[in-house]
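>>> Quick one, structure for this:
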Amino acid sequence: MATAAAAAVEAVEAGDGQVLERNGAQRRKAGQGWKCMPFIIGTVAFESVGSIGVAANLTVYLVKRFNMGQLTAANISNIFYGTFNFAPLLGAFISDAYLGRFRTLAYGSFFTFLGMLGLTLSASVPALKPPGCNQTTQFGEHCNSPSRLQLSVLYLSLGFITIGGGAIKPCSLPFGVDQFDMTDEKSRKGLSSYYNWYYGTTTASLVFSLTILVYIQNNISWPIGFGIPTFFLFMGIIVLFMGTRLYVHVPPEGSIFTGIAQVLVVSFKKRKLKLPYPRDINQQDFLLYNPPTRGNRIFRLPLTSQFRFLNKGAIVRDGDINDDGSARNSWELSSIQQIEEAFNAVGQIEFYNKQFPEHMLTLAGSLFFVSLAGANYLTAAMANITKKVTSRHGNTSWLTEDINLSKLDYYFYFIAFMGVLNLLYFLICSHCYQYKTMSLHAEESIEIQTKVEVDADINIDRDALNK
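Below you'll find the model as predicted:
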């Protein structure tokens, strides 16, 4: 299956897919915009039904069909969902550095399908699940535990779903953005509608999974409840490849983490240099290294003073710039754009997509899910610590298998207190954050300056300032 997926992706990229080059070469055609949207949004909708349909009811499935205790099942679910939400960070890195968004999205769809197929088999095939057990017997801990084979199939299926989700979630939204030509006003308006349709479709998938799918799983049949999203995922793969002749494929540009490391190294090397106009960030922007961005769909970030010591990395010294205007050594000179990519505050998906540069949209989308991953890991840790601490000295734990003996009200009060602390932390971050406005540069105005032109611009700016 994996070999077939790789062959399919290679065939697509060798066919009529349109490639947007980042090295200054022209695209073959402009992005198709809304013509691509049914395929991308359809893929997102089908994947959301599958992943949410599993995560929403996984704890109940483990308790009822795998004879696990409630706390054990809850821990497994939290760890799975936490890893599932953390994986997009790795998927974003692989997409931006090596595979590109379409490849990552395609591979992720195949892995998610394999995971759902394995989960459906675990609910259908008797050899892949332990014998049934009623609730009374389960509380008495007399149920048969799942075998190694049964657990292996279960964990392997959840692992495939995690890999697939880690590839799909950070790439689906930016891949849709790639299809719009941001130098065209009509296309930019279409992008706003695309965001609305994307979020609306995702919400509809969420509602469908949490209502209809959960009802089918709990009251009708687990195999059918897992089989429906598996079928949807298969349809999603077909829909994704149906639009291959229309897609714009943005090639990967290398690891953003390397750029961050370069900024830190260069800033440290130039730490003894003095910034020009240290109290005037606008004038400083004119004199620091900020070459035009290649391509015709790139947003540019303005220079900020929040991390002033990093700005020293963009001070131009003799020999730092090649004749074509590019940096002679990226470990000796950083651009303003590299510096403002190095540090961005935490927020939500749309906030990320507006505040991050275009080639970092994949990474931007993954950070939202990383925050969810941290929440899930914290939930699992809190539950285990709370159970251990509150059961000391022979006391009844706040969290027990029998809900009638638990003290859930105390536990929820503690969660509410954590929510208050989170609100205070959010207010502090909001107060300290400096909102960045991005400028859009059209294709005809984006050219790489030569070393002579850069020196001339700097001299002109200095003369004007002296006057």
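
>>> which stretches of the chain form strands?
Applying DSSP state E to the chain gives strands spanning 18-19, 248-249, 299-300, 439-440.

>>> For residue 49, grab the count of nearby residues.
Residue 49: 25 surrounding residues under other C-beta atoms under 10 Å. C-beta coordinates here come from the backbone N, C-alpha and C atoms, glycine included.

>>> Give me the local confidence score for it.
Here, the pLDDT recorded for residue 49 equals 84.

>>> change the start of the numbering to 844 and stick with it
In the new numbering, first residue 844, that becomes residue 892.

>>> Pretty sure it sits against residue 1055.
No. At 9.7 Å, residue 892 does not count as touching residue 1055 under the criterion of C-beta atoms under 8 Å.

>>> how far does stretch 925-945 sit from the chain's center?
In this view, stretch 925-945 has its centroid 7 Å away from the chain centroid, taken as C-alpha atoms, centre = their mean, to the nearest Å.

>>> Buried ones in that stretch, by neighbour count?
In terms of neighbour count (16 or more other C-beta atoms under 10 Å), stretch 925-945 has its buried residues at 925-932, 934-940, 942-945.

>>> any idea how far residue 1017 lies from residue 933?
Distance, residue 1017 to residue 933, using C-beta to C-beta, to the nearest Å: 16 Å.

>>> Residue 1243 now?
37 Å.

>>> Same check on residue 1041?
As judged by C-beta to C-beta, residue 1041 and residue 933 stand 22 Å apart.

>>> With residue 1042 instead?
For residue 1042, the distance to residue 933 (C-beta to C-beta) stands at 24 Å.

>>> Residue 1240 too?
Residue 1240 is 36 Å from residue 933, where distance means C-beta to C-beta.

>>> can you list the weak-confidence ranges in the stretch 1144-1293 of the chain?
Per-residue confidence for the stretch 1144-1293 of the chain (pLDDT under 70) gives these ranges: 1144-1145, 1147-1150, 1183, 1185-1212, 1215-1216, 1219, 1244-1246, 1277-1293.

>>> go with 90
Flagging of the stretch 1144-1293 of the chain using pLDDT under 90 yields the residue ranges 1144-1263, 1265-1266, 1268-1293.

>>> how about the helices in it?
With DSSP state H, counting those that start in this stretch applied, the stretch 1144-1293 of the chain shows helices at 1179-1185, 1192-1198, 1204-1233, 1251-1275, listed in chain order.

>>> ok, how many other residues are close to residue 1044?
Using other C-beta under 10 Å, residue 1044 has 17 other residues around it.

>>> quick one: it and residue 887 touch, right?
Yes. The pair residue 1044 and residue 887 passes the contact test of C-beta under 8 Å, sitting 6.3 Å apart.

>>> Next, report how far stretch 908-919 is displaced from the centre of its chain.
On the basis of C-alpha atoms, centre = their mean, stretch 908-919 sits 28 Å off its chain's mean C-alpha point.

>>> Give the buried residues for it.
By neighbour count, and taking 16+ other C-beta under 10 Å as the criterion, the buried residues in stretch 908-919 are 908, 909, 910, 911, 913, 914, 916, 917, 918, 919.

>>> Same check on stretch 1119-1136?
Buried residues in stretch 1119-1136, counting neighbours by 16+ other C-beta under 10 Å, are found at 1119, 1127, 1128, 1129, 1130, 1131, 1132, 1133, 1134, 1136.

>>> do stretch 1166-1182 as well
For stretch 1166-1182, the neighbour count (16+ other C-beta under 10 Å) marks 1168, 1169, 1170, 1173, 1175, 1176, 1177, 1178, 1179, 1180, 1181, 1182 as buried.

>>> Distance check, the first one against residue 1161.
As for residue 1168, its distance to residue 1161 is 15 Å (criterion: C-beta to C-beta).

>>> cool, the fourth one as well?
Taking C-beta to C-beta as the measure, residue 1173 falls 17 Å from residue 1161.

>>> The second one too?
Applying C-beta to C-beta, the value for residue 1169 to residue 1161 is 16 Å.

>>> what's the answer for residue 972, then?
Spatial separation of residue 972 from residue 1161 under the definition C-beta to C-beta is 71 Å.

>>> Repeat that for residue 888.
Taken as C-beta to C-beta, the spacing of residue 888 relative to residue 1161 amounts to 56 Å.

>>> same deal with residue 1154?
Following C-beta to C-beta, the distance that separates residue 1154 from residue 1161 is 19 Å.

>>> and what of residue 1104?
In this structure, residue 1104 and residue 1161 are 24 Å apart, going by C-beta to C-beta.

>>> Please list all residues in contact with residue 1239.
Residue 1239 sits next to 1233, 1248, 1249, 1250 when contact means C-beta atoms under 8 Å, 6 or more residues apart in numbering.

>>> Pop out the phi and psi values for it.
phi -80, psi 130 (degrees, to the nearest 10).

>>> rewinding a little: go through the buried residues of stretch 908-919 and name the one nearest residue 1094.
Within the set of the buried residues of stretch 908-919, residue 919 lies nearest residue 1094; the separation is 38.9 Å, counting by C-beta to C-beta.

>>> Nearest residue to the closest one in space, ignoring adjacent ones along the chain?
Ranked by C-beta to C-beta, 6 or more residues apart in numbering and with sequence neighbours excluded, the top spatial neighbour of residue 919 is residue 905, at 6.1 Å.

>>> Could you give the number of residues near residue 1243?
Summarising burial for residue 1243: neighbours were counted as other C-beta under 10 Å, giving 17.

>>> Now it: closest residue in space that isn't a chain neighbour?
What sits nearest to residue 1243 in space, not counting adjacent residues and going by C-beta to C-beta, 6+ apart, is residue 1249, at 4.9 Å.

>>> Contacts only, for that neighbour.
Listed by C-beta under 8 Å, 6+ apart, the contact set of residue 1249 reads 1239, 1240, 1241, 1242, 1243.

>>> pretty sure residue 1006 is touching residue 947, no?
No. At 10.8 Å, residue 1006 does not count as touching residue 947 under the criterion of C-beta under 8 Å.

>>> The two - which one has more neighbours?
When residue 1006 and residue 947 are compared on other C-beta under 10 Å, the one with more neighbours turns out to be residue 947, at 26 against 22.
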